[in-house]
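Visitor: Dropping the sequence and predicted coords here.
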Amino acid sequence: MKNSTTIGFIGAGNMAYAIISGLINTGFSTENIKISDTNASLLSLRKQEFNLEVFTDNLALACCCDVLILAVKPQVLADVCQALKGALKPNTLIISIAAGVRAHDIDRWLGGDNAVVRTMPNTPALLNQGVTGLFANKCVNDVQKELATSILNSVGQSLWVSEEGMLDAVTALSGSGPAYFFLMIESMAKAGVALGLDEATAQTLSIQTALGASMMANTSNESPRELRANVTSPNGTTQAAIESFQDQNFEMIVTHAMRAAFDRAGKLASELSDSD
Ligand SMILES: NC(=O)c1ccc[n+]([C@@H]2O[C@H](COP(=O)([O-])OP(=O)(O)OC[C@H]3O[C@@H](n4cnc5c(N)ncnc54)[C@H](OP(=O)(O)O)[C@@H]3O)[C@@H](O)[C@H]2O)c1
């Protein structure tokens, strides 16, 4: 990323905070980061935290940036974009992190022919452990794609999809995925309590097991399937548990749940598209 690239954030909330922290931690200068929000007290907090230029007027921010990150809630994005129509510098790269709002709609609200990258980050971005799916519309050039990659990589990893529809699958997997793991942690801790452990012990065992297993899956040369086979001795305790999961059709339960998230993501995108 060129040190002279100016990045503006519209919306100074949690995700903006995470990405700004990531950018600064990876060496990006605060002089080239600007932020706008309707919430004046949040803006003064961000100014205190990061010592960067803040705006209460989105237009004033937008016309001086090379990259504009749309970090407001999906429901207000149409209004935010329509108010910027015709005001952006030529070749401004728009990066939206708003869940479920299509690149085509963002481009349309901004007046057309804009370079738009739509992303689907997830909550672990708040700890620099996120994973983000990205989609670029046809106006985005290779340099802008690299720029978007380095911005989102500052809060974890990022992966491009070639069709926008695939972002609904990303939403169903990694976007909503942290909640699936929280459910698993919660359920295992509850089951531990049912087996006689006290709550605090069961919770620590459950969380640390999830963390350890995830780190093993991330660092090992073996696939999750092989790692599972390695810890599943014939006729042992793990095999008894895995067989019980399989008797209840665990894979099908996961497939159905993710299909429900995928369908819902498509429906929400259509609703947000119609809402302008
Ligand atoms: N949090 C996550 O884990 C996560 C994960 C993936 C994607 N996302 C997406 O990231 C986006 C931001 O999420 P967030 O959690 O950071 O939200 P957030 O904390 O609510 O931040 C959004 C900020 O935008 C402000 N705002 C509202 N209207 C505005 C306007 N017209 N102009 C400028 N600022 C305005 C809000 O002020 P008020 O509070 O006063 O309205 C708020 O300070 C959302 O679209 C969400 O879908 C979030």
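Guide: Thanks, I have it.

Visitor: Without its sequence neighbours, what residue ends up closest to the residue in the stretch 101-250 of the chain positioned nearest to the ligand?
Guide: For the stretch 101-250 of the chain, the residue positioned closest to the ligand under Cβ to the nearest ligand atom is residue 123, at a distance of 3.7 Å. From N, CA and C alone the C-beta is placed, and that goes for glycine too. Excluding its sequence neighbours, the residue lying closest to residue 123 (Cβ to Cβ, 6 or more residues apart in numbering) is residue 178, at 5.0 Å.

Visitor: After the host helix or strand of the one you found, heading C-terminal, what element do we hit next?
Guide: Taking DSSP states H and E as the definition, residue 178 sits inside helix 177-194. Scanning forward in sequence from helix 177-194 by DSSP H and E, the next helix or strand is helix 199-219.

Visitor: so who does the residue nearest to residue 123 touch?
Guide: Contacts for residue 178 (Cβ atoms under 8 Å, 6 or more residues apart in numbering) come out as 122-124.

Visitor: List the contacts of residue 8.
Guide: Residues near residue 8 by Cβ under 8 Å, 6+ apart: 33-36, 61-62, 64-65, 67-69.

Visitor: Can you pull the residues of the stretch 151-276 of the chain lying near the ligand?
Guide: Neighbours of the ligand within the stretch 151-276 of the chain, by Cβ under 6 Å from any ligand atom: none found.

Visitor: Show me the strands in the protein, by range?
Guide: 7-10, 33-36, 53-55, 67-70, 93-96, 115-120, 130-136, 156-160 (DSSP state E).

Visitor: Okay, now the sheet partners of the second one, with direction.
Guide: The one in question is strand 33-36. strand 7-10 (parallel), strand 53-55 (parallel) (DSSP bridges).

Visitor: Next one: residue 30 from the ligand, what distance?
Guide: According to Cβ to the nearest ligand atom, to the nearest Å, residue 30 and the ligand sit 19 Å apart.

Visitor: Contact partners for the closest residue to that residue other than its chain neighbours?
Guide: Nearest non-adjacent residue to residue 30, counting by Cβ to Cβ, 6+ apart: residue 52, 4.7 Å away. For residue 52, the contact set (Cβ under 8 Å, 6+ apart) comprises 20, 30-31, 33-35, 46.

Visitor: Selection in PyMOL covering whichever of those are buried, please.
Guide: Here is the PyMOL command that selects the buried residues among the contacts of residue 52 (16 or more other Cβ atoms under 10 Å):
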select buried, resi 20+33+34+35+46
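
Visitor: farthest-separated two in the contacts of residue 52?
Guide: Within these, two members stand farthest from each other by Cβ to Cβ: 31 and 46, at 14.8 Å.

Visitor: Got the domain ranges for this structure?
Guide: 7-162, 177-264 (automatic domain parsing).

Visitor: deepest of the strands paired with strand 33-36, which one?
Guide: Mean neighbour count (mean count of other Cβ atoms under 10 Å) peaks for strand 7-10 among the strands paired with strand 33-36, with a mean of 26.

Visitor: before we move on, the earlier item: any chance of the strands of the chain in a markdown table, with mean pLDDT too?
Guide: Shown next, in a markdown table, are the strands of the chain (pLDDT from 0 to 100):
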| stretch | mean pLDDT |
| --- | --- |
| strand 7-10 | 98 |
| strand 33-36 | 97 |
| strand 53-55 | 96 |
| strand 67-70 | 98 |
| strand 93-96 | 98 |
| strand 115-120 | 97 |
| strand 130-136 | 98 |
| strand 156-160 | 97 |
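
Visitor: Quick one: residues contacting the residue of the chain found nearest the ligand.
Guide: Going by Cβ to the nearest ligand atom, the ligand is nearest to residue 13 of the chain, at 1.9 Å. Residues counted as contacts of residue 13 (Cβ under 8 Å, 6+ apart) are 37, 42, 71-72.

Visitor: where's it relative to residue 242, distance?
Guide: Distance, residue 13 to residue 242, by Cβ to Cβ, to the nearest Å: 41 Å.
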